[in-house]
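Undergrad: Return a 3D structure for these sequence lines:
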Amino acid sequence: MFLQPAVLAKLPTYPNVGESVAYQLTGLFVVFSALGAIWIVMEIVGALFRRLSPAPSPPPSPPAPPATTPPAVALDPVLAAVIAAAVHHVINGPHRVVAIHPVITSDDWSLEGRRDIFISHRVR
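TA: Purely as a prediction, here's the structure:
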């Protein structure tokens, strides 16, 4: 386990560039070999779990849509179709758009942020 004094006496005090590079490459080889071994073990364990897991059950059928009331504000049908298409793209499954409400925002804070940014820039 421990180096004998005779072996220690034969080691150079300062290794040359070739020995240093060989030492570094050996270390990289050991590290990447260990990482590759961990990767292979994880792939094997994942394959075992995939093989042992039960088959996924089919998704339940969507419930019947309830009676809807007409919206208080007339909504452009193109905008409703675009919103429904965006929801379908994001959810990628059965969905139902129940209501579409406009978002009322106040631009006071965004205007204040823009003002701060413009003040911080130097005019040339």
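Undergrad: Please parse this protein into its domains.
TA: Taking automatic domain parsing as the criterion, the chain consists of the domains 14-52, 77-120.
Undergrad: How far off centre is the shortest one?
TA: The reference is to domain 14-52. Relative to the mean C-alpha coordinate of its chain, domain 14-52 is positioned 25 Å out (CA atoms, centre = their mean, to the nearest Å).
Undergrad: buried set for that domain?
TA: For domain 14-52, a neighbour-count test (16 or more other CB atoms under 10 Å) marks nothing as buried. For the C-beta atoms, the positions are set from N, CA and C on the backbone; glycine is no exception.
Undergrad: In terms of helices and strands, where is the residue nearest in space to the middle of the chain?
TA: Per CA atoms, centre = their mean, the C-alpha nearest to the average position across the chain is that of V90, at 15.9 Å. Following DSSP states H and E, one finds V90 within helix 77-91.
Undergrad: Can you show me the CA trace of that helix as CSV?
TA: The C-alpha trace of helix 77-91 is given here as CSV (Å, rounded to 0.1, in the frame of the first residue of the first chain):
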residue,chain,number,x,y,z
PRO,A,77,-64.3,34.0,-33.5
VAL,A,78,-60.9,34.1,-35.1
LEU,A,79,-59.4,35.1,-31.7
ALA,A,80,-61.2,32.3,-30.0
ALA,A,81,-59.9,29.8,-32.6
VAL,A,82,-56.4,31.0,-32.1
ILE,A,83,-56.6,30.7,-28.3
ALA,A,84,-58.1,27.2,-28.6
ALA,A,85,-55.3,26.2,-31.0
ALA,A,86,-52.7,27.5,-28.6
VAL,A,87,-54.2,25.6,-25.7
HIS,A,88,-54.3,22.4,-27.8
HIS,A,89,-50.6,22.9,-28.8
VAL,A,90,-49.5,23.4,-25.2
ILE,A,91,-51.7,20.7,-23.5
